[in-house]
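K.L.:
Turn this into a model:
(chains A and B)
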Amino acid sequence: MLRKFSNSRTLEDNIKLGVLTAFSGGMVNVASLLIFFSFSSNVTGHYAILASEIVKGNLYQTGVVFAWIFLFFFGSFLSNLIVIHLSKLNTYLAHSIPLILEIICLMTVGIYGQFFYLETLLETEIMLGIMLFAMGLQNGLTASISNFAVKTTHLTGTTTDLGILFSMFTKKEYRENEELRGKAKLLSSIAISYLFGAIISGLLYFNTGFQVFYIVSIFLTIVISYDLYKIRFTRYIMLKKRSNSIPINNKRPVIHPSLNIKSFAERRKQMKEETV
Amino acid sequence: MKIATTYTLVFVVIVATIITTISLSQSPEKKIVGQWNELSWEYERVDMVNDTNNKEITDDVKKIIGQHLLIHEAETWKFLSNGKLVLKAGENERLVDWKIKGRGHILQLKYDNDVVENYNLTELNNNVMVLNFDSEIQARGIAKLTFEKS
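P.N.:
Sure, this is the predicted structure:
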């Protein structure tokens, strides 16, 4: 899921990444809606709200909503910055760091909410900001490593693309196009997974409250661990293959030194004696 | 190096703008503190029969709409800075907890055994407060309550 970059990714890689991250995106969005009365994984609505607050002349709300939009943008910016600058060193690490940051953000919200939250407006605004930043990180990462094929925190683009694709499938030539069918499969998986995550979150929230963010973090940990396991497993297989291989020519050549200092010293002593 | 400086500068300017904007204005949590007197109850989705322009409702309709709500009889609302709200109806007083949620657009009231009521805080300035019943998160509620600060 995280080891490959851009065009080297297969449809299966994108589906796995899309399904798991869309599930967590859906969960976070519904949890924030139920707890804080505001969406945290999509910013289209926030742009509309920003415009409305500007029109109303509510300076405070304008500042808050603008800060949320900026945090989503900054999350995406930081995510891609890490990917493009660290990929040369270690692709897996570069792709994991944004998810690790996202887990830290969500765990912070979960722990703070569970133990310290006094329900003040400032706390709500800050926690929503952290969640929007986390969702920006996730969306920036998935879009960046999949060459903009996977976007998992909102479904506007996905639904539009699905509409276009299904209209294309009315023609046989498009219906038989493997690439288009793959894309439809990917987008449908993302949409279903997002919805499923949202429903699960809604059901869990009433029993778990802020602990729902721990569950989201577990899902993201699975995304990271899956590839770590794959990398270790591949290494193990390769080492095993090496040790099990049949030796064809295991005789080591004996290298005779061209200059034997000991024999040279003995020869010199011998010549000296002869001369005498 | 130049590009890094430019990016940093732009981000600093954005953050500074946000902080300045927020600090120059008053938070809804502070703005709401004080005494508010009920001006009117309006029903926004009522089927008008005779007078199509008048949305104001009678006391009977008000009772029907608000029969399950805590606030339906209160004429004066006194928001205290410690998160308590005193609802006054004539001689009767009731103390409940209040919170503001979202971006400052939801007023949440808690009373008794954690019974929660949410209202859309549609408008809040130094003189007028408008509340809508929170039927849906992103939709306007069915009834509109207007208050005047005293």
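
K.L.:
Tell me the residues on chain B that lie near chain A, please.
P.N.:
Taking CB under 8 Å from any CB of the partner chain as the contact definition, chain B meets chain A at B:11, B:14-15, B:18-19, B:21-22, B:24-29, B:99-106, B:118, B:123, B:137-138. Using the backbone N, CA and C atoms, a C-beta is placed for each residue, glycine as well.

K.L.:
Wait, A:F213 touches A:V28, no?
P.N.:
Yes: with contact defined as CB atoms under 8 Å, A:F213 counts as touching A:V28 (7.5 Å).

K.L.:
tell me, what's touching those two both at once?
P.N.:
Residues touching both A:F213 and A:V28 (CB atoms under 8 Å, 6 or more residues apart in numbering or on different chains) are A:L106.

K.L.:
quick one on the thing from earlier: of the residues of chain B next to chain A, keep whichever come out buried.
P.N.:
In the residues of chain B next to chain A, burial by neighbour count holds for B:18, B:21-22, B:25, B:27-29, B:99-106, B:118, B:123, counting by 16 or more other CB atoms under 10 Å in any protein chain shown.

K.L.:
Give me the three-state assignment for the most centrally placed residue in chain B.
P.N.:
Nearest to the geometric centre of chain B sits B:L121, at 2.8 Å (CA atoms, centre = their mean). The assignment at B:L121 comes out as strand when based on DSSP: H, G, I helix; E, B strand; the rest coil.

K.L.:
one step back: which ones among the residues of chain B next to chain A lie within helices?
P.N.:
Under the assignment DSSP state H, the residues of chain B next to chain A contribute B:11, B:14-15, B:18-19, B:21-22, B:24, B:28-29 to helices.

K.L.:
any idea which helix or strand comes after the lengthiest helix in chain A?
P.N.:
Ranked by residue count and defined by DSSP H, the top helix of chain A is helix A:212-244. For helix A:212-244, the following helix or strand on the C-terminal side (DSSP states H and E) is helix A:261-275.

K.L.:
Can you show me the strands along chain B?
P.N.:
Using DSSP state E, the strands assigned to chain B run over residues B:34-43, B:76-79, B:84-89, B:92-101, B:106-111, B:115-124, B:128-133, B:143-149.

K.L.:
Next, the contact list for residue 37, please.
P.N.:
In the absence of a named chain, this looks at chain A. The contact partners of A:F37, by CB under 8 Å, 6+ apart, come to B:101-102, B:105-106, B:118, B:137.

K.L.:
should've been chain B
P.N.:
Applying CB under 8 Å, 6+ apart, we find B:N37 in contact with B:75-77, B:147-150.

K.L.:
Present these as CSV; the columns should include pLDDT and neighbour count.
P.N.:
Formatted as CSV, these follow (pLDDT from 0 to 100; neighbours: other CB atoms under 10 Å in any protein chain shown):
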residue, pLDDT, neighbour count
B:E75, 81, 13
B:T76, 89, 16
B:W77, 90, 24
B:F147, 90, 22
B:E148, 90, 13
B:K149, 88, 15
B:S150, 83, 10
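
K.L.:
list the buried ones in stretch A:83-98?
P.N.:
Quick answer for stretch A:83-98 (16+ other CB under 10 Å): A:83, A:87, A:91-92, A:94-98.

K.L.:
and which of those is nearest chain B?
P.N.:
Closest approach between these and chain B, by CB to the nearest CB: A:V83, at 16.5 Å.

K.L.:
Look up which helix or strand that closest one falls in, please.
P.N.:
Taking DSSP H and E as the criterion, A:V83 maps to helix A:59-86.

K.L.:
Name the next helix or strand following that helix along the chain.
P.N.:
Toward the C-terminal end, the helix or strand that comes next after helix A:59-86 (DSSP H and E) is helix A:91-115.

K.L.:
name the helices or strands packed onto the following helix or strand past that following helix?
P.N.:
Next helix or strand after helix A:91-115 toward the C-terminus (DSSP H and E): helix A:121-145. Judged by 3 or more CB pairs under 8 Å, 6 or more residues apart in numbering or on different chains; DSSP states H and E, the packing partners of helix A:121-145 are helix A:11-36, helix A:59-86, helix A:91-115, helix B:28-31, strand B:92-101.

K.L.:
wait, which of those is closest to A:G140?
P.N.:
Among the helices and strands packed on helix A:121-145, helix A:59-86 comes nearest to A:G140, with 3.2 Å by CB to CB.

K.L.:
Can you mark which positions in that closest one are buried?
P.N.:
Residues A:59-80, A:82-83 are the ones in helix A:59-86 that count as buried (16+ other CB under 10 Å).

K.L.:
Tell me the spacing between B:N120 and A:I164.
P.N.:
Going from B:N120 to A:I164 by CB to CB, to the nearest Å gives 36 Å.

K.L.:
just A:T158 next, same as before
P.N.:
From A:T158 across to A:I164, the span is 11 Å (CB to CB).

K.L.:
These two: who's more crowded?
P.N.:
Neighbours were counted for A:T158 and for A:I164 using other CB atoms under 10 Å in any protein chain shown; A:T158 has more, 20 against 14.
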